[in-house]
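A.B. asks: Quick check, what structure comes out for this input:
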Amino acid sequence: MREDLSGADLREADLTGENLTEADLTDAILTGAILTDADLREADLTDADLSGEDLGEADLSNTDLTDAFPEAHLTGANLTGADLSEADLSEANLSGLDLRDTVLTEVDLTGADLSEPPQSTHLWATFV
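C.D. replies: Reported below is the predicted structural model:
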């Protein structure tokens, strides 16, 4: 059963290692949340506020993250197959991400940290 957390206020929540597979987090407020090692496979994070959160080592495979990422910390996160269409990744830490088959249509990467090249074999990208 898909967990419905749409619109939930999860500011500063410690969700380290939580299983949120297929969760509906549409419009959720996750400002400053800790999602390290969280399982967010196939979750819907459309329009969620993920500013300032820590998603290091989180699994975001096949997750819809449209418009979800101002100032995110994503070091080591697995974004394989994720849809980041129109995401604001400005100022985000994107070092060493797994971006295989990730959709990056109209993504804003202004000031993003790409100091370690992302792992990618099939990257579909259109940047603004």
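
A.B. asks: Show the contacting residues for Leu30.
C.D. replies: 10-11, 13, 48-50, 53 (Cβ atoms under 8 Å, 6 or more residues apart in numbering). For glycine as for every other residue, the C-beta is placed from the backbone atoms N, C-alpha and C.

A.B. asks: So which of those is the closest to Leu109?
C.D. replies: Each of those was checked against Leu109 using Cβ to Cβ; the closest is Leu50, at 15.7 Å.

A.B. asks: Surely that closest one is in contact with Thr66?
C.D. replies: No: here Leu50 lies out of contact with Thr66, judged by Cβ atoms under 8 Å, at a distance of 11.6 Å.

A.B. asks: check contacts around the spatially most central residue of the chain.
C.D. replies: Taking Cα atoms, centre = their mean as the criterion, Leu65 is the residue nearest the geometric centre of the chain, at 5.7 Å. Leu65 makes contacts with 45-46, 48, 50, 79, 82-84, 87, as judged by Cβ under 8 Å, 6+ apart.

A.B. asks: any residues touching stretch 35-46, and which ones?
C.D. replies: With contact meaning Cβ under 8 Å, 6+ apart, stretch 35-46 is reached by 15-28, 53-68.

A.B. asks: Tell me the gap between that stretch and the middle of its chain.
C.D. replies: Centre-to-centre, stretch 35-46 and its host chain are 7 Å apart (Cα atoms, centre = their mean, to the nearest Å).

A.B. asks: can you map out the helices along the protein?
C.D. replies: Assigned by DSSP state H, the helices in the chain number zero.

A.B. asks: now it, which segments are flagged as low pLDDT?
C.D. replies: Across the chain, residues meeting the criterion (pLDDT under 70) sit at 1, 53, 69-76, 117-128.

A.B. asks: Please repeat the previous calculation with a cut-off of 90.
C.D. replies: For the chain, the stretches flagged by pLDDT under 90 are 1-2, 30-38, 40-43, 45-128.
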